[in-house]
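Colleague: curious how this folds, go ahead:
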Amino acid sequence: MPRFVFSHVLKEQRREAQRLIRELHYSSSDGNQGFVHSVRIDDVTAAACLIGGTLSEGAERAIVAEGFACRQVKRLVARDNCPVPESQLLRMAMRDVANKVGPYMSISYADPVAIDARTGRSLLGWLYFAAGYFFIGFTSQPRYAVIDHEGALRSTRQGGITLTRRTLPRAGDDFQGQRVTKDWQMVKIPPARVWVAPVVPFTLGGEPTSRAWRKHQYLEMWRNLVPERKVWAQRWIDKRHWKQLLRDATVEQVEGPRQQTEHEILARGVWPGELMTRTAGPIWPIIEEQGHLFSEAEVAGEVTSGRRYWPRGEASDI
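Modeller: Sure, this is the predicted structure:
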């Protein structure tokens with residue numbers, strides 16, 4: 001069995017991980033700054049994850065109340081022969097980052113225009129679900145991509161820059177080693193699915209954290225989720241309390257309970273953040289695209305590697 005090592009990488013190993021990200025990620029960008037973790041097999045990088053700094057104030061306000069840090073999973077890739085799944089690498093990386101910087105809300109965006117070249121499916125978010133993330137709806141701000149001179153749809157993030165309408169390459173420019181033959185255009189793209197997970201450290205400043213402290217930090221992040229956001233989750237609850245919540249339209253039932261006792265049920269629904277518990281678990285949301293309802297089983301094994309952006313003609317059909 002090959003020997004593999006997971007670690008937070010710096011210097012040459014970080015540069016090697018960034019090269020892998022540029023090779024495998026659909027944006028062809030390494031994502032720049034942030035915490036880079038990798039899985040190395042026989043001293044060769046086989047998977048990499050980049051967790052960035054805190055989000056902009058506007059993005060944070062759309063997810064959680066002021067004062068609670070949010071960090072985005074910016075890049076996550078793995079070669080097909082890597083024995084560690086992307087979801088497991090993400091789980092280990094997010095915990096290590098928390099041990100270094102403290103508790104935070106981890107955010108991942110499943111981009112519908114990131115299409116798997118092998119299956120033709122858009123990125124739905126199963127790999128985040130497998131890592132313990134909860135679905136909380138869609139992005140609320142307009143999203144844009146660019147159309148290059150060959151008619152292909154690309155991310156606005158190109159290498160070390162983020163393109164705007166003012167900085168779009170024009171005909172006659174040299175961009176990324178190519179002569180631009182036609183003005184690039186910016187187009188609006190569909191909202192992305194938002195997946196989140198509160199992350200709390202097991203150690204902080206070299207000292208272990210207590211179970212009570214971790215539970216308090218975890219629940220505080222859920223309680224400060226913005227009211228407009230609802231969480232797709234399952235949790236144990238008293239049967240009478242559950243019926244009252246349904247009558248008050250406080251929660252929405254997704255499907256009937258799969259387990260129950262004499263007085264409690266494992267209720268599966270869409271919850272406000274203040275009703276989340278420490279033992280609540282994520283459930284697969286209702287996802288319908290192009291008239292097809294995707295079950296969890298259909299998308300199990302989803303990865304971010306080996307994807308591309310939609311060509312222009314197909315992007316308008318999403």
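
Colleague: ok, residues contacting the helix or strand Asn99 falls within?
Modeller: Assigned by DSSP states H and E, Asn99 belongs to helix 86-101. Helix 86-101 is contacted by residues 6, 8, 35, 37, 39, 47-49, 51, 69, 71, 73, 76-78, 104, 106, 108, 127-128, 130-132, 197, 199-204, 303-305 when judged by Cβ atoms under 8 Å, 6 or more residues apart in numbering. (C-beta placed from N, C-alpha, C; glycine too.)

Colleague: how does it look with 6 Å?
Modeller: The contact list for helix 86-101 (Cβ atoms under 6 Å, 6 or more residues apart in numbering) reads 6, 8, 35, 37, 39, 47, 49, 51, 76, 78, 106, 127, 130-131, 199, 201, 203, 303.

Colleague: and these, which are buried?
Modeller: Neighbour counting with 16 or more other Cβ atoms under 10 Å marks 6, 8, 35, 37, 39, 47, 49, 51, 76, 78, 106, 127, 130-131, 199, 201, 303 as buried within the contacts of helix 86-101.

Colleague: mind listing the helices for the stretch 51-200 of the chain?
Modeller: Using DSSP state H, counting those that start in this stretch, the helices of the stretch 51-200 of the chain run over 57-61, 86-101, 126-130.

Colleague: winner for burial among these?
Modeller: helix 126-130 (a mean of 24; mean count of other Cβ atoms under 10 Å).

Colleague: return the distance of that one from the chain's centre.
Modeller: Relative to its chain's centre, helix 126-130 lies at 8 Å (Cα atoms, centre = their mean, to the nearest Å).

Colleague: what's the closest non-adjacent residue to Gln185?
Modeller: Closest residue to Gln185 apart from its sequence neighbours, by Cβ to Cβ, 6 or more residues apart in numbering: Ile147 at 4.6 Å.

Colleague: give me the low-pLDDT residue ranges for this protein?
Modeller: Filtered on pLDDT under 70, the chain yields the residue ranges 1-2, 55-60, 159, 310-318.

Colleague: got the domain boundaries for it?
Modeller: What the record gives for the chain is the domain set 4-140+192-225+286-315, 141-190, 230-282, from automatic domain parsing.

Colleague: give me whichever of the ones you listed is most buried.
Modeller: Neighbour counts (mean count of other Cβ under 10 Å) averaged over each of the domains of the chain peak at domain 4-140+192-225+286-315, with a mean of 18.

Colleague: returning to what we had before: the helix holding Asn99: how far from the chain's middle?
Modeller: Remark: helix 86-101 is offset 13 Å from the chain centroid, using Cα atoms, centre = their mean.

Colleague: likewise for stretch 62-80?
Modeller: Put simply, stretch 62-80 sits 6 Å off its chain's centre (Cα atoms, centre = their mean).

Colleague: give me the contact list for it.
Modeller: Contacts for stretch 62-80 (Cβ under 6 Å, 6+ apart): 21, 24-25, 31, 34, 46-52, 54-55, 60, 86, 90, 104-108, 140, 221, 224-225, 304-305.

Colleague: Pro190 contacts Ala110, doesn't it?
Modeller: No - using Cβ atoms under 6 Å, Pro190 makes no contact with Ala110, being 11.1 Å away.

Colleague: and the residue nearest in space to the middle of the chain, bridged to which residues?
Modeller: With distances taken as Cα atoms, centre = their mean, Ser108 lies nearest the centre of the chain, 1.7 Å away. The partner list for Ser108 in beta bridges (DSSP bridges) reads Trp195.

Colleague: in contact with it, which residues?
Modeller: The contact partners of Ser108, by Cβ under 6 Å, 6+ apart, come to 73, 128, 133, 195.

Colleague: distance of the third one from Ala197?
Modeller: Applying Cβ to Cβ, to the nearest Å, one obtains 5 Å for the distance of Tyr133 from Ala197.

Colleague: secondary structure class for Tyr26?
Modeller: Assigned by DSSP: H, G, I helix; E, B strand; the rest coil, the conformation of Tyr26 is coil.

Colleague: confirm for me that it is in contact with Arg307.
Modeller: Yes - between Tyr26 and Arg307 there is a contact at 4.0 Å, judged by Cβ under 6 Å.

Colleague: check which helix or strand Pro201 maps to.
Modeller: Element membership for Pro201 (DSSP H and E) is empty, with no helix or strand holding it.

Colleague: ok, now Leu219?
Modeller: Using DSSP H and E, Leu219 sits within helix 211-223.

Colleague: what's the helix or strand just after that helix in contact with?
Modeller: Following helix 211-223 in sequence order, the next helix or strand is strand 230-238 (DSSP H and E). Strand 230-238 is contacted from outside by 134-136, 264, 266-268, 270-271, 277, 280-283, 285, using Cβ under 6 Å, 6+ apart.

Colleague: having no further points to raise, I will conclude here.
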